[in-house]
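Q: Structural data only, the sequence is not supplied:
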């Protein structure tokens, strides 16, 4: 699988935070230049409610591997080519944190 630069991973983190994951999480701390954030899961009826996660460019790398393993080739392809949207960035973060896409 092709690898992304650190800056490309930061862009994916920023896209997720600024448009993709806000419907299931709240951001408690965010550094857009470094692509890092602390988020809390806010889905009341799930086992992950209240769970806090640290998101970094390494989270994106993990999410890409999980997307590949889960045969999410469309999403993976868009992320790798830079032709992604907030939904793809969200799928990457969810895959890294939960091993699958749980919401959306």
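A: Nice, thanks for sending it over. Predicted model only: the values in this text are computed from it and were never measured.

Q: Could you look up the SS state of the residue of the chain positioned farthest from its centre?
A: In terms of distance from the mean C-alpha position of the chain, residue 45 ranks first, at 20.8 Å (CA atoms, centre = their mean). Here residue 45 is coil, with the state taken from DSSP: H, G, I helix; E, B strand; the rest coil.

Q: which ones are touching the residue lying closest to residue 98 once chain neighbours are set aside?
A: Beyond its immediate neighbours in the sequence, the residue positioned closest to residue 98 (CB to CB, 6 or more residues apart in numbering) is residue 48, lying 7.0 Å away. Quick note: C-beta positions are derived from backbone N, CA and C, even for glycine. By CB atoms under 8 Å, 6 or more residues apart in numbering, the contact set of residue 48 is 41, 98, 102.

Q: Could I get the pLDDT score of residue 48?
A: Note for residue 48: predicted pLDDT of 87.

Q: Equivalent analysis for residue 86, please.
A: pLDDT recorded at residue 86 is 97.

Q: This completes my enquiry, with thanks.
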